[in-house]
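Novice: Dropping the sequence and predicted coords here.
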Amino acid sequence: MDKIEQLVEALVSRKDTVRADNVEDAVKAMERLRDMGHAQWFRGQIRNWPKLVPTVYRDSVDFNEALSELNRFFYWAKNEPGLEKIAQSTDALIAVAQHYGLPTSFLDFTTNPRVAGYFASASKEPPPHGDESCIYYLNTEEADDIWGYLPKDGNPIPERLVLDVTNLWRLEAQEGVFVFCPSANLNWIYPIDRIVFPYQGPIDFPLDADIYPERESPLEARLREYFEGEKNRRGGKEFKRLWGIPAHIIPEENRLHITAELYKPEEFVTTPTAHESWADDALEPWCNLRREYWREVQRTPSLVYAVNSAGPIEAETEKFGKYVLNAFAGNPTIRQKLVLWSITIDQYDNANVDQINKAVQRVWDEMTRLPWSDDDIAHALAETLRFSLWVEYVRGRKELSDYQLVQEAVQRLFQKPFWIEFGPEGDSYSRAWVNESDLLGAVREDFESMLRPEERRNIVGHGINTLLSARSPSLLFDFQKLSQLFPAQIIPSQAVFYPEKPLHATPARLHILGPT
């Protein structure tokens, strides 16, 4: 009998605590137990805590603050265009919150023992080597029977949840399931069996990228916006506290942030209204989220392209744009595929080429989800490459800080660079660069007539003053004209210069746009 068989025999007989030599042996024992039908759900823990405590009930968590966080998230999701289906299910919303670190009453399990092995061995704050880690294993039929016998006196009881949350790739990648736990210890009702082993570092497989996909689903791109906004909100509150500025407190369940002034009433003849091009039915196709599956990403086709670093930047850009258009022409369904881009550039540092690939990939992912034309997408991808190549050209000529690098690159890319900030409802924002004249060219034709005569000379034709007069893009711009700037300038400059920020691939969801 080999050691794995010995472990399995001990696990089946439930004699005392079963100890494995390492996480790999523990995972193999769990796989054998699953195949035998003795366990179906698994949970890996980096520390062998005796209690199974949902995050919302942990001593380190302020329950009221956690509830406030959840209410804020629920409010956002229920008012975010495109998330209507998810927002209909409280369980689905809690599942998303759980996967993004908000304290909830859910406990994560998985149907894959190897995923449990990952969570039992991979951590940003690992314990000392030799400390005990563990994997819990659950016989679902047995658990349902025991929990089902609990008195149904109006109090909630534990419940197993198998949820299909549209576009939550993390859940799909982790083969995740949940146990709703209404108390501070799931184990007090029905002690769940476990196997323990000494912590010795991360398991060889799966890798981080297998558990937390590096590419973003449509939902996860929106979640990046929300959680960046939450970080900005907390930072703003801390800033006010440190500087003694009294914070204006508003009901968290009603408002996400203090709404900034959307226009200056003293500069307009009458109250401005949204331009007709921003009608809800026109914007709807730009706000919908299509269903995409993580398993499709794992078997997606690749597009490979080699850039000649010795060639003129403009010529290389033009060739790349034609390559993209040929890819569309050769495969009419390619836009529906989660294509993986692989761009190579001879003589370039691998880390910099990796950044270029990430920028191109992100532009492709975001734009192909929206009703952009093939020409628009090819143009945006070509411009993303062009911006990137100019950055590398500038980087190779002199030592510059990141800020200086951007400043010098945009001087080569734009006739009159103009820096803008924009964002959706909430506290998230992104940045981009445009030609000032092109941005002014997207202003609605009747804008001047909306202004008081005495204000026109100071505003019309001046980028900063124009954007300060009306911060809401629907009040200031023609949607179609503003949209034309996105493939050519706004999308590429976001992807190349501000990769850490959310990427807005359409003006449709923008609440505010103004000068930086």
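Specialist: Great, that's in hand.
Novice: how's the protein carved up into domains?
Specialist: Under the assignment automatic domain parsing, the domains of the chain span 3-54+105-211, 265-515.
Novice: any chance of those in JSON lines, plus mean pLDDT?
Specialist: Formatted as JSON lines, those follow (pLDDT from 0 to 100):
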{"stretch": "domain 3-54+105-211", "mean pLDDT": "94"}
{"stretch": "domain 265-515", "mean pLDDT": "95"}
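Novice: To Ser60, which of these lies closest?
Specialist: Closest to Ser60 of those, according to Cβ to Cβ: domain 3-54+105-211, at 10.3 Å. Every residue, glycine included, has its C-beta placed from N, CA and C.
Novice: Count the neighbours of the closest residue to Val304 other than its chain neighbours for me.
Specialist: Leaving aside its sequence neighbours, Val304 sits nearest to Ser342 (Cβ to Cβ, 6 or more residues apart in numbering; 4.7 Å). Around Ser342 there are 14 other residues, counting by other Cβ atoms under 10 Å.
Novice: what about Ser342, which SS state?
Specialist: Here Ser342 is strand, with the state taken from DSSP: H, G, I helix; E, B strand; the rest coil.
Novice: quick one, what contacts it?
Specialist: The neighbourhood of Ser342, defined by Cβ atoms under 8 Å, 6 or more residues apart in numbering, consists of Ser302, Leu303, Val304, Tyr305, Asn357.
Novice: One more: Pro424?
Specialist: Glu225, His504, Arg509, Leu510, His511.
Novice: Can you flag the buried ones in those?
Specialist: Burial by neighbour count, judged by 16 or more other Cβ atoms under 10 Å, picks out Glu225, His504, Arg509, Leu510, His511 from the contacts of Pro424.
Novice: OK, contacts around Asn465?
Specialist: Asn458, Ile459.
Novice: Dump the host helix or strand of it to PDB, keeping only the CA atoms.
Specialist: Secondary structure assignment for Asn465, by DSSP states H and E: helix 463-469. Taking Å, rounded to 0.1, in the frame of the first residue of the first chain, the C-alpha atoms of helix 463-469 are listed here in PDB:
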ATOM      1  CA  GLY A 463     -10.200  73.700 -24.200                       C
ATOM      2  CA  ILE A 464      -9.900  74.200 -20.400                       C
ATOM      3  CA  ASN A 465     -12.600  76.800 -20.200                       C
ATOM      4  CA  THR A 466     -15.000  74.800 -22.400                       C
ATOM      5  CA  LEU A 467     -14.600  71.600 -20.300                       C
ATOM      6  CA  LEU A 468     -15.000  73.500 -17.100                       C
ATOM      7  CA  SER A 469     -18.200  75.100 -18.300                       C
END
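Novice: Could you number the chain from 636 rather than 1 from now on?
Specialist: OK, 636 is where the count begins now, so the last one is helix 1098-1104.
Novice: The following helix or strand past that helix - contacts with which helices or strands?
Specialist: Note on helix 1098-1104: by DSSP H and E, the next helix or strand toward the C-terminus is helix 1108-1111. For helix 1108-1111, the packing partners by 3 or more Cβ pairs under 8 Å, 6 or more residues apart in numbering; DSSP states H and E come out as helix 1098-1104, strand 1147-1150.
Novice: As a markdown table, those with distance to Val932 would be great.
Specialist: As requested, the helices and strands packed on helix 1108-1111 are arranged in a markdown table below (distance: least, Cβ to Cβ, whole Å):
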| stretch | distance to Val932 |
| --- | --- |
| helix 1098-1104 | 38 |
| strand 1147-1150 | 32 |
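Novice: Of all the ones you listed, which one is nearest Pro1122?
Specialist: With Cβ to Cβ as the criterion, Pro1122 lies closest to strand 1147-1150 of the helices and strands packed on helix 1108-1111, at 16.8 Å.
Novice: Show me which residues of that closest one are buried.
Specialist: Ile1147, Leu1148, Gly1149, Pro1150.
Novice: Let's have these in JSON lines, adding distance to Leu705.
Specialist: Shown next, in JSON lines, are these (distance: Cβ to Cβ, whole Å):
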{"residue": "Ile1147", "distance to Leu705": "26"}
{"residue": "Leu1148", "distance to Leu705": "30"}
{"residue": "Gly1149", "distance to Leu705": "31"}
{"residue": "Pro1150", "distance to Leu705": "35"}
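Novice: What is the most widely separated pair among those?
Specialist: Across the buried residues of strand 1147-1150, the two lying at the largest distance from each other (Cβ to Cβ) are Ile1147 and Pro1150, at 11.2 Å.
Novice: Overlap of the contact sets of these two?
Specialist: The contact lists of Ile1147 and Pro1150 share Glu1056, where a contact means Cβ under 8 Å, 6+ apart.
Novice: follow-up on the earlier one: of the contacts of Ser977, grab the buried ones for ChimeraX.
Specialist: Buried residues within those, by 16+ other Cβ under 10 Å, are selected in ChimeraX with:
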select :938,940,992
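Novice: show me the contacts for Leu1040.
Specialist: For Leu1040, the contacting residues are Val1026, Val1029, Arg1030, by Cβ under 8 Å, 6+ apart.
Novice: Most neighbours among the residues you listed, which one?
Specialist: Going by other Cβ under 10 Å, Val1026 tops those with 23 neighbours.
Novice: residues contacting that residue?
Specialist: Applying Cβ under 8 Å, 6+ apart to Val1026 gives the contacts Leu1040, Val1041, Ala1044, Val1131, Phe1132.
Novice: redo that, cut-off 6 Å
Specialist: Ala1044 (Cβ atoms under 6 Å, 6 or more residues apart in numbering).
Novice: Reformat the contacts of Pro1059 as a markdown table; add distance to Pro920.
Specialist: Formatted as a markdown table, the contacts of Pro1059 follow (distance: Cβ to Cβ, whole Å):
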| residue | distance to Pro920 |
| --- | --- |
| Glu860 | 19 |
| His1139 | 16 |
| Arg1144 | 12 |
| Leu1145 | 16 |
| His1146 | 19 |
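Novice: ok so, going back, show me the contacts of Ser977 that map onto strands.
Specialist: If you go by DSSP state E, those have Ser937, Leu938, Val939, Tyr940 in strands.
Novice: Need the max-distance pair from those.
Specialist: Ser937 and Tyr940 (10.1 Å).
Novice: re earlier: looking at the domains of the chain, which is nearest to Trp711?
Specialist: Of all those, it is domain 900-1150 that lies closest to Trp711, at 6.6 Å by Cβ to Cβ.
Novice: and that closest one, how far apart are its ends?
Specialist: Across its full length, domain 900-1150 reaches 19 Å between end residues, using Cα to Cα, to the nearest Å.
Novice: where along the stretch 886-1035 of the chain do the strands fall?
Specialist: Here the stretch 886-1035 of the chain has its strands, by DSSP state E, counting those that start in this stretch, at 937-942, 975-980.
Novice: Redo the ones you listed as a markdown table? Include distance to Lys638.
Specialist: Shown next, in a markdown table, are the strands of the stretch 886-1035 of the chain (distance: least, Cβ to Cβ, whole Å):
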| stretch | distance to Lys638 |
| --- | --- |
| strand 937-942 | 41 |
| strand 975-980 | 40 |
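Novice: Kindly state which of those strands is positioned closest to Tyr771.
Specialist: Closest to Tyr771 of those, according to Cβ to Cβ: strand 975-980, at 35.4 Å.
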